[in-house]
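Visitor: Compute the structure for the input listed below.
(2 chains)
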Amino acid sequence: MFAQLTELLADFVERPEQGKLTLLVSTKTDASFLVHHFLSFYLKAGCKVCFLALLQSFSHYSIVAQKLGLSLTTAKERGQLVFLEGLKVSHDIFFGKQQSLESRPFQFISGDGSNLKALYEFVQTALSPAVGGDSWKCPVLIVDDLSVLLSLGARPTDVLDFIHYCRVTVNSLLKGNMVVMEHSSDDSEDEENELLVRALRHQSNRILWAEGLATGFCKDVHGQLTIIHRSSWEKKAEKDLLQVYQYKIQDKNVTFFARGMSAAVL
Amino acid sequence: MAALATGGPVRSEGVPTSFQRKGAAGGGGRLAVLPGTRPSLRRGQLLLSSGIPSLDSVLGGGLAIGTLLLIEEDAYGIYSNLLFKHFLAEGIVCGHNLFIASAKEEPADILKELPSPFLNTVSAMEEATAMKCKQDSQESMKIAWRYQNIPKLEVTQMTSSKCGHYFDLSKPLASELRQNIGWHGFFLPEETTLCHDISSCNMASGYTRLLHSIQKVIYQEGFGGSTPQKKQRNILRIGIQNLGSVLWDDDICCNENPQNIYSLTRFLYALRGLLRTSLSACIITIPSHLIQNKAIMERVTNLSDTIVGLESFMGSERETNPLYKDYHGLIHIRQIPWLNSLICNVSDTKDLAFRLKGKLFIIERLHLPPDLSDTVSRTSKQDLAESTKLLSSGCSAMAIGKKHLDF
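Guide: The predicted structure is shown next:
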């Protein structure tokens, strides 16, 4: 969790907002630091988190989380975190053991015409409140890189259906939050992915858009982050609120500053 | 050469692999027992060399175990093949196991054509000269007394640049070295066994067979970590040549809307899963310029770890350009993985070029050739000015820079 980013987003660890869809977009850069931020933010806030890690292994997220002062293993043991490791779970599907229960969320890869329903059901069971009632605050669903689903052969409409179902369950019924990572660029020729990003941009409440510098590479400024707060009738805001910052990623933290105000330039 | 002749078992001690533990006394412990690897303490990873020390330094020390290096082939596939062979040859020198997959050449033939390393003779010589320099400088320092306390930069650079081995492209690898390693070959035309029993997951049949073959090797030989390895723990280097070309039963190179657009990406995802859970590293060369549908390449990028693009000057007008006369092509580091940390090691320059210097393959910073003539004629200077413009328009990022100012 990066304190500065929390401040910029006007989030509070004690009282996270509810029912919001946050879209993280990266253009020509790796914006995974945003995923690490939201993962640690919601775990620290005491939310129940379901994390669909499609792109990296558990150890990667765990080591980075440790640097941010958080243990994913303990969170998992306490039942606060439900971690779906795509790279591991899909193994059974690729290598013939079709029937295992663990790999059911990835059934769609096997090409038997099944869609992402099983994945949705996984999310639903992970986040629905236990019968006895647990002490966690609102549920949160985090997806690291939705575009992996497209690479694995899911159709964009299926992915959008999946997001819609998740929104109904997580955002509306359970009053929880969703954070979805995507990458996109203007000159991309991946039509399906761009369709997905456009549709998500249309429906999300908050967009964090990280871009690499247009002029190329710089040692002291790693990129530019645009934060778009979509106007909502609840807040009676008329215009979308747009903030632009540049950032520098450090070993355990990320610093944000106004454009052109990098310490190295001043 | 004595170490060469004695061969196998002594090799790990005999040959001074440049990969020496940095924090020998401190941490690392369990990780550092593997030959030919070097722990990166800050990021909790084990690195191995790509076989080209200058590429290692550009990639931040080497390739992490469990990751995938994707080489975008140059137009004729000559230099990408060199990188491929260096990677495998480095594995042989370090005593790693190899898995060679190809649809074009017999793996055994590839193995025969690997370049031969410059072994201790050279490194010993380097060390000797370094020592000599040191002694010489100590003696001659008496005159220049004010420089006495300045640390000897060259010597430290010498040791740090000794990552990996240097290979001599003109000599094939000695057969004694080859005999002592364990290797597996996958030659697609010979893999005739049709696998009806295994699920194909809608992949092209070449990919499915390759995937199952790799999985079998990893689990039978115990690289997966679940079953203990019989002897010493070792690393598997996987090399896959020309993945995605027509020979692999895939039509992404001849059709913009291929029958199965997900074949390659599914294969890479499954391979990524295998690599991440085992002691292995993989190099893939891919003819990206042939792939018709650019969307596939974007997805492939997303699913691989390190991506290096090669652009040779062969056959292009740059071959005769005075600016590039020292080089054989440009190398683009397109992606460096962000593993186990928030930041990644980016080298401070993006303008890199490669050349074959004698028998060595070297990557270095692109720069203008030195102006050696006493009286520089105006015309040749203008020539260079023209080509400098060409250089900056070559980097697309620079071109945008003219219109756009970040800060």
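
Visitor: Can you give me the neighbour number for A:A31?
Guide: A:A31 has 24 neighbouring residues, counting by other C-beta atoms under 10 Å in any protein chain shown. (C-beta placed from N, C-alpha, C; glycine too.)

Visitor: got the contact list for the residue in the stretch 101-250 of chain B positioned nearest to chain A?
Guide: Nearest residue of the stretch 101-250 of chain B to chain A (C-beta to the nearest C-beta) works out as B:N202 at 3.9 Å. The neighbourhood of B:N202, defined by C-beta atoms under 8 Å, 6 or more residues apart in numbering or on different chains, consists of A:G111, A:G153, B:N260, B:Y262, B:S263, B:R266.

Visitor: what do you get for A:L8?
Guide: A:L8 sits next to A:I227, A:Q243, A:Y245, A:F256 when contact means C-beta under 8 Å, 6+ apart.

Visitor: Now list the buried members of those residues.
Guide: A:I227, A:Y245, A:F256 (16 or more other C-beta atoms under 10 Å in any protein chain shown).

Visitor: Tell me the bridge partners for the nearest residue in space to B:C282 that is not next to it in sequence.
Guide: Once flanking residues are discounted, B:C282 sits nearest to B:I238: 4.1 Å by C-beta to C-beta, 6 or more residues apart in numbering or on different chains. Judged by DSSP bridges, the bridge partners of B:I238 are B:F99, B:C282.

Visitor: Show me where the stretch 1-150 of chain A has its strands.
Guide: In the stretch 1-150 of chain A, the segments counted as strands under DSSP state E, counting those that start in this stretch are A:21-27, A:47-53, A:81-85, A:137-144.

Visitor: before we move on, what SS does the residue lying closest to A:K67 once chain neighbours are set aside have?
Guide: Closest residue in space to A:K67, ignoring its immediate chain neighbours: A:K252 at 5.1 Å, by C-beta to C-beta, 6+ apart. Here A:K252 is coil, with the state taken from DSSP: H, G, I helix; E, B strand; the rest coil.

Visitor: ditto for B:A270
Guide: helix.

Visitor: The one 4 residues further on too?
Guide: Classification of B:L274 using three-state DSSP returns helix.

Visitor: Contact partners for it?
Guide: Contacts of B:L274 by C-beta under 8 Å, 6+ apart are A:H91, B:L211, B:I214, B:Q215, B:I218, B:S280.

Visitor: any idea how far B:I362 is from B:P53?
Guide: 9 Å (C-beta to C-beta, to the nearest Å).

Visitor: Between the two, which has more neighbouring residues?
Guide: More crowded of B:P53 and B:I362, by other C-beta under 10 Å: B:P53, with 24 against 17.

Visitor: what sits against the residue nearest to A:K67?
Guide: Contacts of A:K252 by C-beta under 8 Å, 6+ apart are A:K67, A:L68, B:L342.

Visitor: Near chain A, which residues of the stretch 1-150 of chain B are found?
Guide: Proximity of the stretch 1-150 of chain B to chain A (C-beta under 8 Å from any C-beta of the partner chain) is limited to residues B:R43, B:G44.

Visitor: Please enumerate the helices of the stretch 1-150 of chain B.
Guide: For the stretch 1-150 of chain B, helices defined by DSSP state H, counting those that start in this stretch occupy the ranges B:2-6, B:11-14, B:53-58, B:78-94, B:107-112, B:120-140.

Visitor: for the chain, what are the low-confidence residue spans?
Guide: As the question left the chain open, I've gone with chain A. A:97-99, A:111-114, A:132-133, A:233-237 (pLDDT under 70).

Visitor: The intended chain is chain B.
Guide: Counting by pLDDT under 70, chain B has low-confidence residues at B:1-33, B:41-42, B:119-163, B:192-201, B:225-232, B:345, B:347-348, B:371-404, B:407.

Visitor: Can you spell out the domain ranges of it, please?
Guide: According to automatic domain parsing, chain B is divided into the following domains: B:32-376, B:379-407.

Visitor: okay, those domains, which one's buried deepest?
Guide: domain B:32-376 (a mean of 18; mean count of other C-beta atoms under 10 Å in any protein chain shown).

Visitor: List the contacts of residue 242.
Guide: By default, I'm working from chain A. Neighbouring residues of A:L242 by C-beta under 8 Å, 6+ apart: A:T226, A:I227, A:I228, A:H229.

Visitor: To clarify, I was referring to chain B.
Guide: Contacts of B:N242 by C-beta under 8 Å, 6+ apart are B:E73, B:G77, B:S102, B:A103, B:K104, B:W248, B:T285, B:I286, B:P287.

Visitor: I'd assumed B:W248 was in contact with the last one.
Guide: No: the criterion here is C-beta atoms under 8 Å, and B:P287 misses it with B:W248 at 10.5 Å.

Visitor: Can you dump the C-alpha atoms of the strand or helix carrying B:H184 in CSV for me?
Guide: Per DSSP states H and E, B:H184 falls inside strand B:183-187. Extracted in CSV, the C-alpha atoms of strand B:183-187 (Å, rounded to 0.1, in the frame of the first residue of the first chain):
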residue,chain,number,x,y,z
TRP,B,183,20.1,-33.8,-23.1
HIS,B,184,16.7,-34.5,-24.8
GLY,B,185,15.8,-33.7,-28.3
PHE,B,186,12.4,-33.0,-29.8
PHE,B,187,12.4,-33.1,-33.6
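
Visitor: Does that strand pack against any helices or strands, and if so which?
Guide: If you count contacts as 3 or more C-beta pairs under 8 Å, 6 or more residues apart in numbering or on different chains; DSSP states H and E, strand B:183-187 packs onto strand B:97-102, helix B:107-112, helix B:205-220.

Visitor: List the neighbouring strands of it plus their orientation.
Guide: Paired neighbours of strand B:183-187 in the sheet (DSSP bridges): strand B:97-102 (parallel).

Visitor: Show which residues not belonging to the partner strand make contact with it.
Guide: B:88, B:91-92, B:107, B:110-111, B:181-188, B:210, B:213-214, B:217, B:221, B:223, B:234-242.
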